[in-house]
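Asker: What follows is a predicted protein model with its sequence.
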Amino acid sequence: MICFNEINKWYGSYHALIDINAEVKKGEVVVVCGPSGSGKSTLIRTVNRLEEIKSGQLLFDGSDIHAPMTSMALNRLRSRIGFVFQSFNLFPHLSVLENIMMSPMRVRGVNRSDAKAKAQQLLDRVGLSNKAGAYPAQLSGGQQQRVAIARALAMEPPAMLFDEPTSALDPEMVGEVLSVMRSLANDGMTMMCVTHEMNFAREVADQIWFMDAGRILETATPKEFFGNPQHPRAKRFLSDLRAH
Amino acid sequence: MIDLYNILRDNWLLLLVGQYPNGPMGGIVCTLVLSVLGIALAFPLSVLLALARLSPWRVLRWPTTGLIYVVRGVPLLMVILWVYFLVPLLIGRNVSGFTTMLCTLVLYEGAYLSEVVRAGIQALPRGQLEAARALGNSYLGAMWSVILPQALYNMLPSLLSQFVSAIKETTLGYVINVQELTFAANQINNQLLTKPFHVFFILAVTYYVVCYSLTQLAQWLERRVMRKRQGQLGTAPAPLPPVAAAAET
Amino acid sequence: MKNFDLMAILLNAEFGAMLLKGVRMTLQIAAGSWLLAMTLALVLLIVRLMPSRIAERAVGAYVSYHRNVPTLVQLMLWYFGISSLLPDALQGWLSEHNGEALFAIVALGLCQAAYFSEDLRSGLRSIPDGQTEAARALGHSYLSAMRYVILPQAVRNAVPALVNHSVSLFKNSSLAMAIGVAELTHAVKEIESQSFRTFEAYLVATLVYLGFSLLIMSAGAWLSKRYSIAGAR
């Protein structure tokens, strides 16, 4: 579903992504982890072209995302990729329901009543049925992030990207967001998550990609990764995690 | 273009000093003198008004707030008319247009400046006043030696931009025959009659050059003050009212 | 002050009529220039958003001119200066059809457009980048993101400054008196010269101006509350 072929990216002279080769298959859940500054966020943001690449090929469901294309074509591609941000980025001037409904209506041309019904359905799915009329500023962080997930799902994307979805949350709210993500995974959604939540990774991921300094140093199943990490850097990372 | 040069060459003295020495000082010198005096005299008034607005005594706060709201809610032209009418009544004899304009500026700028001063005082961390009181100073003593000096330094850029506003406000002196720059330009136009665009273009450019330079100076000052404040507080300081948010005419 | 008699003005048919005419002219000038200013400010904003350095510089120059040249001088430049450059036929038509009021509206409108556009620009800049990213990530085009996400927020953020400048615009209508427009301040001066009831005349005008200023500010406060982003700081 998502293929990274020899991806390289520079910020000026800083080589941010180095020779990335990897694949997220349909229905897979991939967790990308690693120390900060390793390029994890940069990598996931290249998938929907929020970041550009210098060389290589990035295929999403067969389409080359970074090929030269009209902005209309790019917008259409982006609408098929769900993206959840670390800072939620809900639209503060719209109610929760409107946040979810707005894009199917304005980008896809879905009519209002269909969009509204679907939005309510998605709100039920993330456990916030009674918050339809509330505004983002009135919700807790965990609730806002769940709305953000519903908003992304409203576009019916074949794959969802999560950029550190729980890093900005207070610890007691992390669980509610992770359980939504877990249920998505159980329903067979293709997911790529950048996260520090190792328990989530252990339980839900099909693959773990360990990154450091712009490279993917190790790809393994959770069992392999947590039980018997190969790369010395990965070993050090895991032991640092366990230390606290 | 030749016309512009000719008009300037023939009339620069009038634009600069008006009909002096055959009449009162006028032109751009009058404009600047009026503005400088206006701000200089308005400033102490504004500090008093600001302190009154921030004071814990309602008998001071309410009338002051009322006065400021009235002066700010009424066009400058109306304030000029009021002053032109009331001042001779109050002091028992006629006053020149220049004096009227000066009094108006002091009152008008005093009201607007007092808001700037108030914001400047309120932008200081509360700890300053608390520390001063804890050391045994009275409220007024703390204001005088601790709060005001700091607030006033921080306010220098805003003060300068209010000065620019005052320069723009002096143009209304034209309506009561104060011999400032706009009046001089109108005199030239009434003599020449055939080149109104050129005359007023020169007028506009003159004001632009003066006000723009002063505004740039104010922005440079603001950067310097921000740097010093960041050093003082150690963290990002509370934002002051933006330099250009002065009364505009 | 002897014989303070407000009613002498208000009840006198002739003076009352003059006052009403003056108020009406003031409102017409204020409304006309406000509409011009708002429309032009939106155009300037759109021009500013274009990825062209010339556009940025042009708008910057426009704003700089209108903020550094006194409004009265701008008015004079239009009414005395630019009108003389117009073709004679047009000048003739204008002097018969209330040209002064028209020039006042144009001059005041263009001047306030500069301030309004700066307010909108500040409103725009106060929106975090994440909003644009989220909109683009969902598949919105640049225009769609602007229309449904960015601009609604920018305008809401700009409302307090826009209201303040609207009050300034209203007060600036009095400047039209200097080019002979029969608005409120002009009417009041006329009444004063005819009746010598200076104090009463000035008081009426002051109250009218104060009243409208308060009205505009309350409307702004109501607008702000109604459309404020619920729960926002």
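Answerer: Structure's in. What do you need?

Asker: which strands and helices sit next to the top helix by length along chain C?
Answerer: What stands out as the longest helix in chain C, according to DSSP state H, is helix C:13-49. Packed against helix C:13-49 by the contact rule (3 or more C-beta pairs under 8 Å, 6 or more residues apart in numbering or on different chains; DSSP states H and E) you find helix C:6-10, helix C:53-68, helix C:99-125, helix C:151-172, helix C:184-195. For glycine as for every other residue, the C-beta is placed from the backbone atoms N, C-alpha and C.

Asker: Going along the chain, name the helices of chain A.
Answerer: For chain A, the helices defined by DSSP H occupy A:40-47, A:71-78, A:96-103, A:112-125, A:141-153, A:171-186, A:198-204, A:222-227, A:232-243.

Asker: which one of those lies closest to C:G60?
Answerer: For C:G60, the closest of these is helix A:71-78, at 27.4 Å, according to C-beta to C-beta.

Asker: angle of that closest one against helix A:40-47?
Answerer: 120 degrees (axes from the mean of the first three to the mean of the last three C-alpha atoms, to 10 degrees).

Asker: Nearest residue to the middle of chain C?
Answerer: Nearest residue to the geometric centre of chain C (C-alpha atoms, centre = their mean): C:L169, 3.4 Å.

Asker: if I pick that one, what's in contact with it?
Answerer: C:L169 is in contact with C:A30, C:S33, C:W34, C:A37, C:L108, C:Q112, counting by C-beta atoms under 8 Å, 6 or more residues apart in numbering or on different chains.

Asker: what's the offset of the longest helix of chain C from the middle of its chain?
Answerer: 6 Å (C-alpha atoms, centre = their mean, to the nearest Å).

Asker: show me the biggest helix of chain B in terms of residues.
Answerer: When chain B is parsed with DSSP H, its longest helix is helix B:196-233.

Asker: Let me see the mean pLDDT of it.
Answerer: If you average the pLDDT over helix B:196-233, you get 86.

Asker: In chain A, which residue sits nearest chain C?
Answerer: Residue nearest to chain C within chain A: A:S79 (2.6 Å; C-beta to the nearest C-beta).

Asker: which other residues reach stretch C:47-62?
Answerer: C:L44, C:A114, C:S117, C:R121, C:M146.

Asker: Ok, stretch A:172-185 next?
Answerer: Taking C-beta under 8 Å, 6+ apart as the rule, stretch A:172-185 contacts A:29, A:125-127, A:140-143, A:145-146, A:149, A:153, A:160, A:162, A:165-166, A:169, A:191, A:193, A:197, A:200, A:203-204.

Asker: returning to what we had before: buried subset of the contacts of C:L169 as a PyMOL selection?
Answerer: A single PyMOL command selects the buried members of the contacts of C:L169 (16 or more other C-beta atoms under 10 Å in any protein chain shown):
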select buried, chain C and resi 30+33+34+37+108+112
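
Asker: TSV please, covering the contacts of C:L169 and showing pLDDT.
Answerer: Formatted as TSV, those follow (pLDDT from 0 to 100):
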residue	pLDDT
C:A30	94
C:S33	95
C:W34	95
C:A37	96
C:L108	95
C:Q112	95
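
Asker: which one of the contacts of C:L169 is nearest chain B?
Answerer: C:Q112 (9.2 Å).

Asker: from the contacts of stretch A:172-185, which would you call buried?
Answerer: Buried residues within these, counting neighbours by 16+ other C-beta under 10 Å: A:29, A:125-126, A:141-143, A:145-146, A:149, A:153, A:160, A:162, A:165-166, A:169, A:191, A:193, A:197, A:200, A:204.

Asker: Report the outermost residue of chain A with respect to its centre.
Answerer: Residue farthest from the centre of chain A, counting by C-alpha atoms, centre = their mean, is A:S113 at 28.4 Å.

Asker: what bits of the chain have low per-residue confidence?
Answerer: Unless you meant another one, I'm taking chain A. Under the criterion pLDDT under 70, the flagged ranges of chain A are A:244.

Asker: wrong chain, I was asking about chain B
Answerer: For chain B, the stretches flagged by pLDDT under 70 are B:231-249.

Asker: Quick check: residues of it near chain C?
Answerer: B:70, B:73-78, B:81-82, B:85, B:164, B:167-169, B:171-172, B:174-175, B:182, B:185-186, B:189, B:196-201, B:203-204, B:207-208, B:211-212, B:215, B:244, B:247-249 (C-beta under 8 Å from any C-beta of the partner chain).

Asker: do that again at 7 Å, thanks
Answerer: Neighbours of chain C within chain B, by C-beta under 7 Å from any C-beta of the partner chain: B:70, B:73-75, B:77-78, B:81-82, B:85, B:168, B:171-172, B:174-175, B:182, B:189, B:196-197, B:200-201, B:203-204, B:207-208, B:211-212, B:215, B:244, B:248-249.

Asker: now chain A
Answerer: Counting by C-beta under 7 Å from any C-beta, the residues of chain A close to chain C are A:48, A:50, A:71-72, A:75-76, A:78-79, A:83, A:85, A:87, A:89, A:91-93, A:102-103, A:106-107, A:135, A:137-138, A:155.

Asker: tell me which parts of chain B are close to chain A?
Answerer: By the rule C-beta under 7 Å from any C-beta, no part of chain B lies against chain A.

Asker: Let me see the confidence value for C:G231.
Answerer: For C:G231, pLDDT reads 51.

Asker: typo on my end, it should be C:V59
Answerer: Predicted confidence (pLDDT) at C:V59: the value is 93.

Asker: And for the one 4 residues further on?
Answerer: Model confidence at C:V63, expressed as pLDDT, equals 94.

Asker: cool, and C:I9?
Answerer: 57.

Asker: What of C:P70?
Answerer: 94.

Asker: Quick check: phi and psi at it.
Answerer: Phi and psi for C:P70, reported as degrees, to the nearest 10, are phi -60, psi 150.

Asker: Burial check on the closest residue to C:A113 other than its chain neighbours, number of neighbours?
Answerer: Using C-beta to C-beta, 6 or more residues apart in numbering or on different chains and skipping the chain neighbours, the partner closest in space to C:A113 is C:L40 (3.8 Å). Close neighbours of C:L40, defined as other C-beta atoms under 10 Å in any protein chain shown, add up to 18.

Asker: Same question for C:N68.
Answerer: 21.

Asker: show me what contacts it?
Answerer: Applying C-beta atoms under 7 Å, 6 or more residues apart in numbering or on different chains to C:N68 gives the contacts B:Y207, B:Y208, B:C211, B:Y212, B:T215.
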